[in-house]
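Undergrad: sharing a sequence plus its predicted fold:
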2 protein chains.
Amino acid sequence: MLIRKLRSISPLSQDEEQSIRALPLSVKEIGADEIIVREGDRPFVCCLLIEGFACRYKLTDQGKRQIFSFHTPGDIPDLQSLHLRTMDHSLATITLCKVAFIPHESIANLTRRCPRVGDALWRETLVDAALFREWMIGIGRRSAYTRIAHLLCEVFVRLQAVGLTSGNQCEWPITQAEIGDALGLSTVHVNRSLQELRGDGLIELAGGCLKVLTWNGLKEAGEFDPTYLHLSGEAETAA
Amino acid sequence: MLIRKLRSISPLSQDEEQSIRALPLSVKEIGADEIIVREGDRPFVCCLLIEGFACRYKLTDQGKRQIFSFHTPGDIPDLQSLHLRTMDHSLATITLCKVAFIPHESIANLTRRCPRVGDALWRETLVDAALFREWMIGIGRRSAYTRIAHLLCEVFVRLQAVGLTSGNQCEWPITQAEIGDALGLSTVHVNRSLQELRGDGLIELAGGCLKVLTWNGLKEAGEFDPTYLHLSGEAETAA
DNA sequence: CGCCTATTTGATCTGATTCAAACAATGTGG
DNA sequence: CCACATTGTTTGAATCAGATCAAATAGGCG
């Protein structure tokens, strides 16, 4: 999963692929809605998501929740903990997940042995930040309708990139309350906006399954331009 | 400036400091409100801010602006362009700025010769992302009053960290319209909220100068917890 | 002085919240 | 296989934080 993702950015040498495969993984299953890493923790491992959906979030003093990102297989949602000792937010599962824990030390050694792999990991964290920026635009400057359409596009495209869509459909385990917490909206308003999107013939969304009826329509509704995902192989460093 | 900043995280060896000093810099002055790097560009240099204030932003399809971050001396606002070829947003000056351009190639070589410096730079980009997350909370889940107080705290603390405050005062060249674009508010509402903050005896803000009258009060009003800035020396990698 | 940009004020409107309750789907244990 | 609990979705009505529009005021500066 991880190798596939890194390779999609730039090809790996024999030695690099070997070194990645040699990483010591400790695989665990974690139930739905459980916390993997908590704000304030000082973890010594990173978490590679193999199966399932997860999210990162933080709570306001008033107990309101802001979700920063949704994560799908292939992601390392807390890769940042490699260089930022203290977690400033939490990571939790949404569905039942299979995750692999990798010691910081092993990753650090890997980046020393294979600097190009190190760059690729650095790059992952930069794409992460790019998503944050895009979400900020949504929350700060776009209407609820547009925001939600945009999120649907983003998740769909990211799932597509790791082969987890079939045709115009994908799994959608994210509740309306979670969408609200991600986009700074109330559950009620999310519900009404979703109905609008359905009414406009853009999507079907029920029973944990998203069906995109008009991709171009949804894309326009969400002002979605995938540049910020930096999916293409435009990665290579100047070096 | 850059050396001071990196050293504040972890001490540098003689060789490391030497290598940083050897970076080829091309220093320029750039007038206020000018674009340094534009969305869509594929720069081959990074920009180290030496003097002045800058910001990163992106425009909505409807022409609304979302500012993602404000930058102060010592920052490398577009360090990400080292690994993400295409700019997905723009970088512009707020005041007259002195900036130093450094070729990607030199930075990449530096990270190869001095992996610990590379880690420190990676870390900088991770702190950057941490600020985005904190801004997301504000925009998504906090009131205008709280959001603005939080921003005042953040900028003040960051200026303090690079020695650009004097007592409880600092320079404040950011207009109310810019605050609005950063926090997802209208200028009018920013103005009224600022008046509230003044009325509550927390700040004085006029003539490009911010005076913090009650630090604890402002901190509370903004629900400000500086953990997310990762300023302390809790940096060292597992390696 | 006169121009330009930033701040302030007033009045009005609206997108989104809140509160409350009904409804649907799914699972659980007896 | 049904009663019951649980969790998620939907609907309605009232309310509000913040937007919008429009115009006045205040600084700074060539």
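TA: Cool, got the structure.

Undergrad: averaged over its residues, which helix or strand of chain A has the lowest pLDDT?
TA: Counting by mean pLDDT, DSSP states H and E, the weakest-scoring helix or strand in chain A turns out to be helix A:2-9, with a mean of 71.

Undergrad: so A:Leu59 versus A:Arg133, what's the distance?
TA: Counting by Cβ to Cβ, to the nearest Å, the gap from A:Leu59 to A:Arg133 is 22 Å. To be clear about C-beta, it is placed using only N, CA and C from the backbone, and glycine gets the same treatment.

Undergrad: which residue of those two possesses the greater neighbour count?
TA: Per other Cβ atoms under 10 Å in any protein chain shown, whichever of A:Leu59 and A:Arg133 has more neighbours is A:Arg133, with 23 against 15.

Undergrad: what count of nearby residues applies to the residue in chain A positioned nearest to DNA strand C?
TA: Evaluated by Cβ to the nearest atom of the strand, chain A has A:His189 as its residue closest to DNA strand C, separated by 2.9 Å. Neighbour count for A:His189, taken as other Cβ under 10 Å: 16.

Undergrad: that one reaches A:Tyr145, doesn't it?
TA: No - counting by Cβ atoms under 8 Å, A:His189 does not reach A:Tyr145; the two are 9.7 Å apart.

Undergrad: contacts only, for the residue positioned nearest the centre of chain A.
TA: Central residue of chain A (Cα atoms, centre = their mean): A:His71, 3.0 Å from the mean position. Each residue near A:His71 by Cβ atoms under 8 Å, 6 or more residues apart in numbering or on different chains is listed here: A:49, A:53-56, A:77.

Undergrad: how does it look with 7 Å?
TA: By Cβ atoms under 7 Å, 6 or more residues apart in numbering or on different chains, A:His71 lies in contact with A:49, A:53-55, A:77.

Undergrad: so stretch A:111-125, near chain B or not?
TA: Yes - residues of stretch A:111-125 contacting chain B under Cβ under 7 Å from any Cβ of the partner chain: A:112, A:115, A:119, A:122-123, A:125.

Undergrad: to clarify, my last question referred to stretch A:187-201.
TA: No - for stretch A:187-201, no contact with chain B is found by Cβ under 7 Å from any Cβ; the gap never falls below 12.9 Å.

Undergrad: and chain A, what are its domains?
TA: Following automatic domain parsing, one finds the domains of chain A at A:2-115, A:143-222.

Undergrad: those domains: which one's closest to DNA strand D?
TA: Across the domains of chain A, closest to DNA strand D is domain A:143-222 (Cβ to the nearest atom of the strand), at 3.4 Å.

Undergrad: where does chain A have low pLDDT?
TA: The model of chain A has pLDDT under 70 over residues A:1-2, A:4, A:6, A:233-239.

Undergrad: same for the longest helix anywhere in it, what does it pack against?
TA: Criterion DSSP state H: the longest helix present in chain A is helix A:115-141. Identification of packing neighbours for helix A:115-141 by 3 or more Cβ pairs under 7 Å, 6 or more residues apart in numbering or on different chains; DSSP states H and E yields helix A:2-9, helix A:14-21, helix A:104-113, helix A:144-161, strand B:65-71, helix B:115-141.

Undergrad: tilt between the longest one and strand A:65-71?
TA: Orientation note: helix B:115-141 sits at an angle of 130 degrees relative to strand A:65-71 (axes from the mean of the first three to the mean of the last three Cα atoms, to 10 degrees).

Undergrad: relative to helix A:104-113, how tilted is helix B:115-141?
TA: Angle, helix B:115-141 to helix A:104-113, by the same axes, to 10 degrees: 120 degrees.

Undergrad: can you tell me the element A:Pro11 falls in?
TA: Under the criterion of DSSP states H and E, A:Pro11 resides outside all helices and strands.

Undergrad: next, count neighbours for it.
TA: By other Cβ under 10 Å, 11 other residues sit near A:Pro11.

Undergrad: need the contact list for A:Ile107.
TA: Listed by Cβ under 7 Å, 6+ apart, the contact set of A:Ile107 reads A:46, A:82.

Undergrad: A:Thr146 now?
TA: Applying Cβ under 7 Å, 6+ apart, the residues contacting A:Thr146 are A:221-223.

Undergrad: among those residues, which are in helices?
TA: Using DSSP H, the members of the contacts of A:Thr146 that fall in helices are A:Ala221.

Undergrad: any chance of the contacts of A:Thr146 in TSV, plus neighbour count and distance to B:Gly140?
TA: Listed next are those as TSV, based on neighbours: other Cβ atoms under 10 Å in any protein chain shown; distance: Cβ to Cβ, whole Å:
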residue	neighbour count	distance to B:Gly140
A:Ala221	22	20
A:Gly222	22	17
A:Glu223	19	18
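
Undergrad: mind putting the contacts of A:Thr146 into TSV with distance to DNA strand C?
TA: Below are the contacts of A:Thr146 laid out as TSV (distance: Cβ to the nearest atom of the strand, whole Å):
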residue	distance to DNA strand C
A:Ala221	13
A:Gly222	13
A:Glu223	13
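
Undergrad: that older thread, separate out the buried members of the residues of stretch A:111-125 next to chain B.
TA: A:115, A:119, A:122-123, A:125 (16 or more other Cβ atoms under 10 Å in any protein chain shown).

Undergrad: which pair of those spans the longest distance?
TA: Using Cβ to Cβ, the two most remote members of those are A:Pro115 and A:Thr125, lying 15.6 Å apart.

Undergrad: ok, the closest residue to A:Glu223 other than its chain neighbours to A:Ser13 distance?
TA: Of all residues not flanking A:Glu223 in the chain, B:Asp61 sits nearest, at 4.7 Å (Cβ to Cβ, 6 or more residues apart in numbering or on different chains). B:Asp61 sits at a distance of 42 Å from A:Ser13 (criterion: Cβ to Cβ).

Undergrad: what's the helix or strand harbouring A:Lys98 packed up against?
TA: Using DSSP H and E, A:Lys98 sits within strand A:97-103. Strand A:97-103 sits against strand A:26-30, strand A:45-51, with contacts defined as 3+ Cβ pairs under 7 Å, 6+ apart.

Undergrad: ok, residues contacting that strand?
TA: For strand A:97-103, contacts defined as Cβ under 7 Å, 6+ apart pick out A:23-30, A:36, A:44-52, A:54.

Undergrad: is it true that A:Asn168 touches A:Lys211?
TA: Yes - using Cβ atoms under 7 Å, A:Asn168 makes contact with A:Lys211 at a distance of 5.9 Å.

Undergrad: OK, contacts around the closest residue to A:Gln80 other than its chain neighbours?
TA: Nearest residue to A:Gln80 in three dimensions, chain neighbours excluded: B:Leu126, at 4.7 Å (Cβ to Cβ, 6+ apart). Taking Cβ under 7 Å, 6+ apart, we find B:Leu126 in contact with A:80, A:83-84, A:125.

Undergrad: flag every buried residue along the longest helix of chain A.
TA: A:115-141.

Undergrad: residues touching A:Glu51, list them.
TA: Contacts of A:Glu51 by Cβ under 7 Å, 6+ apart are A:73, A:97-98.

Undergrad: ah, wrong one, I meant A:His89
TA: Taking Cβ under 7 Å, 6+ apart as the criterion, A:His89 is in contact with A:39, A:56-58, A:68, B:133.
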